[in-house]
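> Okay, here's the prediction I keep looking at, along with the sequence it came from:
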Amino acid sequence: MCGIVGIIGSSPVASNLVDALKRLEYRGYDSAGIATIHDGHLMRRRAKGKLRFLENKLKDEPLEGLIGIGHTRWATHGKPTEVNAHPHVSEGVSVVHNGIIENFKTLRVALEKDGYVFETETDTEVIAHLIASGLKAGQSPEDAVFFTLSQLEGAFALAVIFEGHEDLMIGARRGSPFAIGYGDEDEPGMYVGSDAIALAPFTNRVAYLEDGDFVVLNGTGAKIYDQDRVEVQRKISTSMAQTLVVDKGNHRHFMMKEIHEQPDVISRTLSHYIDLASERVDFSALDLDFKSLPRLTVTACGTAFYAGLVGKYLIEKWGGLPVDVDIASEFRYREPLMAEGGAALFISQSGETADSLASLKYCKAKNQKILSIVNVSESSIARESDEVLPTLAGPEIGVASTKAFTCQLTVLAALAIHIGKSRGVIDEALEVKLVRSLVEVPRLISELLTEEKRIEEISHSLSQARDVLYLGRGTSFPIALEGALKLKEISYIHAEAYAAGELKHGPIALIDENMPVIVVAPEDELFDKTVSNMQEVAARGGKIIFISDAEAERAGCEIVDQIKMPKCHPFVAPLLLAIPVQLLAYYTAVHMGTDVDQPRNLAKSVTVE
Ligand code: F6R
């Protein structure tokens, strides 16, 4: 999703702005631009498409200046064209913005009546014109921004610079994340950005604006104000972003690197929740009495939602606690009834997903205890939670989530054991058995990754398909959903997943000899039922790709291919089954030549509704 950077430096900022934008590329974008002020003049360069096009422009027409803002745009209002690319300008005011101004149409009509001519189709341009009109009316830059903010509805973050002011930048946050970086004596300067990763090359001293804050920066410091314009202090902490490695290593794509990191990051996550010596789970840092908890409400989006669905199966079956799982974009709008004394769990890789964050606020207002499973410890969701259960996956750069998903499953599995213990449904012997099964997972995934070549071959046939169907039962149903989502996102092949038993209620009409059907069927208590559904597919000519630890003969029907899984306890099967569906999607996309790490139209961190 859109990325914002801003720098007031002691040397020309243009190339640093582009470097910071490169670190935000992973969020997904379709155009980019920067603006600087030099010798009293505001100048900007923008380009449609990848940052290299902006860099080419800057080579031909460089920008000077010690102050500047930059932006990667993920189109919401208006096509991804150069004209719609940020920064936007109005009479010497330049703005970059992330989020959506929901009332922009009303504001635009009013501004047009006042004679403002709009160049773009964006919602952002109203911000530039509103600030400019304030300045024209004699307001100071701070007053003009503050007054403009009071007129905006929606969730957003923005940064503004002003022609004639080479030591002034104003930023604001309402909903979307906004970090401030503080330079030091060796490298004086002030920085703003959508996240600490963008600022990592310049500084690790970072503060985060809270919702409603706005900040006035010069080259040596920042004054932060809350929504009532009372000056406030926001803690400056040392960001870990500088220590995080964000390159592809020897891999062709971040996604492949991240798939291969899974044994390591799952181990790391496990060691946070498991005492390996005693083979017991350790949630001593979590202050929540699960014994008396009436129910747990889980809310998330996309892949994280599917992790939540797996979590429901695990926590209800092994933990004995009722669980509701909802898509965050629907959750709060149906005004759900929340149990008195209940707890709400939010699952999010980025910790910034707008719908999840808004649902969290809804649950907070309903007096729920707020738990989160997040990968970015400095994120908004982490900061708004009473209790944070981190996934230790490291930065996930590929837009399609892989290692964050399996780390979420790892935390949920460990949590299910803890809940089962607290509620007296898991005794010591069972705890040790389940913990052992979890501890085996990294090794089993490493083994599975040696089967990559075989999965690559199978994916060649998938790349010919127009539609692909995924089937699964129990925890394999959310894995089927995740497999279909991965394939859609990065290969653009239409894919759908169904609970295998649901097939006969409609989707079976789709089956013919052109339809690949991926059946996720571990040899568990539901295996025979899935096999019956698979036979229904085979009888209608569907091309079955069988993902199972069972021998092929057990399928009892013709299968085109099998991805043979290692044997494991059914409790951890979803963690392993996630791997072949990720690899199938990856190799299909590579075969089709799509942009695997930054698929079209997608954003990594979805900070708009
Ligand atoms: C799919 C994917 C998305 C995210 C969703 C939630 O591969 O990555 O579906 O899972 O946008 O994002 P987070 O987890 O950051 O809240």
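Arrived safely. Residues are numbered from 1 along each chain as shown.
> Residue in the stretch 401-550 of the chain with the shortest distance to the ligand?
Taking Cβ to the nearest ligand atom as the measure, the point where the stretch 401-550 of the chain comes nearest the ligand is Ser401, at 3.4 Å. Every C-beta, even on glycine, is put in place using the N, C-alpha and C of the backbone.
> ditto for the chain
When Cβ to the nearest ligand atom is the measure, the chain has its nearest residue to the ligand at Gly302, with 1.9 Å between them.
> who are the neighbours in contact with that residue?
If you count contacts by Cβ atoms under 8 Å, 6 or more residues apart in numbering, Gly302 has them with Ser401, Leu485.
> And Ile417, how close does it get to Leu389?
When Cβ to Cβ, to the nearest Å is applied, the distance between Ile417 and Leu389 equals 13 Å.
> higher neighbour count, the two?
Higher neighbour count among Ile417 and Leu389: Ile417, with 27 against 23, using other Cβ atoms under 10 Å.
> residues contacting that one?
So, once contact is read as Cβ under 8 Å, 6+ apart, Ile417 ends up touching Val281, Trp318, Gly319, Ile426, Glu431, Leu434, Val435.
> same check, this time on Ile266
Contacts were defined as Cβ under 8 Å, 6+ apart; by that measure Ile266 touches Lys403, Thr406, Cys407, Thr410, Val441, Pro442, Ile445, Leu575.
> how many neighbours does the last one have?
Read that as Leu575. Residues lying near Leu575 (other Cβ under 10 Å) number 28.
> surely it meets Thr410?
Yes - at 6.7 Å, Leu575 and Thr410 qualify as touching, with contact defined as Cβ atoms under 8 Å.
> what's the overlap in contacts for these two?
Between them, Leu575 and Thr410 share the neighbouring residues Ile266, Val441, with contact defined by Cβ under 8 Å, 6+ apart.
> The lowest-mean-pLDDT helix or strand in the chain: how far from the chain's middle?
Comparing every helix and strand of the chain by mean pLDDT, DSSP states H and E singles out helix 196-199 as the least confident one, with a mean of 84. When distances are taken as Cα atoms, centre = their mean, to the nearest Å, helix 196-199 is centred 16 Å away from the chain's centroid.
> switch to numbering from 19
I'll keep to 19 as the first residue from here, and by that count the last item is helix 214-217.
> Return the set of buried residues in whichever helix or strand comes after it.
If you walk from helix 214-217 toward the C-terminus, the next helix or strand you reach (DSSP states H and E) is strand 223-226. In terms of neighbour count (16 or more other Cβ atoms under 10 Å), strand 223-226 has its buried residues at Arg223, Val224, Ala225, Tyr226.
> got the CA coordinates for strand 223-226 in PDB?
Extracted C-alpha coordinates of strand 223-226, given in PDB (Å, rounded to 0.1, in the frame of the first residue of the first chain):
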ATOM      1  CA  ARG A 223      16.000   6.300  16.800                       C
ATOM      2  CA  VAL A 224      12.300   6.200  16.000                       C
ATOM      3  CA  ALA A 225       9.100   7.500  17.500                       C
ATOM      4  CA  TYR A 226       5.600   6.700  16.300                       C
END
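> Contact residues of the stretch 519-627 of the chain facing the ligand?
Where proximity means Cβ under 6 Å from any ligand atom, the interface of the stretch 519-627 of the chain facing the ligand comprises Ser623, Val624.
> how about the helices in the stretch 519-627 of the chain?
Using DSSP state H, counting those that start in this stretch, the helices found in the stretch 519-627 of the chain span residues 545-557, 591-610.
> any idea how far the shortest one is from the chain center?
This points to helix 545-557. Between the centre of helix 545-557 and the centre of its host chain there is 35 Å, according to Cα atoms, centre = their mean.
> and what of the longest one?
In terms of Cα atoms, centre = their mean, the gap separating the centre of helix 591-610 from the centre of its chain is 19 Å.
> picking that back up, and the buried residues of strand 223-226 near the ligand, which?
Counting by Cβ under 6 Å from any ligand atom, no member of the buried residues of strand 223-226 reaches the ligand.
> Show me which residues of this structure sit near the ligand.
On the criterion Cβ under 6 Å from any ligand atom, the ligand has as its neighbours in the chain the residues 319-322, 366-368, 371, 374, 418-419, 503, 507, 623-624.
> make it 8 Å
Applying Cβ under 8 Å from any ligand atom, one finds that the chain approaches the ligand through 318-323, 365-371, 374, 393, 399, 417-420, 422-423, 503-504, 507, 620-624.
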